[in-house]
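**Q** I'd like to go over a predicted model; first the sequence, then the structure.
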Amino acid sequence: MVGIGLGATPNAMANMTAVTQHYGASPKAFIVVPLAGAFFIDIVNSVVIRLFIDLLA
């Protein structure tokens, strides 16, 4: 859900850069946040796509 919460990838990177400038650098966050967001959105998308296929079929 992180990707949806932050918007598109360029917007997400701009948000993370702004947070980094305010609070300081966190290299782990730049790795963990996008990966976790991508993982969760992939799981959610697979469920949603399957539900729509079942609904329309």
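**A** Perfect, I can see it now. Numbering: from 1, shown residues only.
**Q** and for Ser46, the neighbour number?
**A** 10 (other C-beta atoms under 10 Å). No exception for glycine: its C-beta is placed from N, CA and C like everyone else's.
**Q** just the buried residues of the helix or strand hosting it, please?
**A** Using DSSP states H and E, Ser46 falls within helix 27-56. For helix 27-56, a neighbour-count test (16 or more other C-beta atoms under 10 Å) marks Val33, Pro34, Gly37 as buried.
**Q** could these go into JSON lines alongside pLDDT and distance to Ala14?
**A** JSON lines is the format used below for the buried residues of helix 27-56 (pLDDT from 0 to 100; distance: C-beta to C-beta, whole Å):
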{"residue": "Val33", "pLDDT": "78", "distance to Ala14": "13"}
{"residue": "Pro34", "pLDDT": "76", "distance to Ala14": "13"}
{"residue": "Gly37", "pLDDT": "77", "distance to Ala14": "15"}
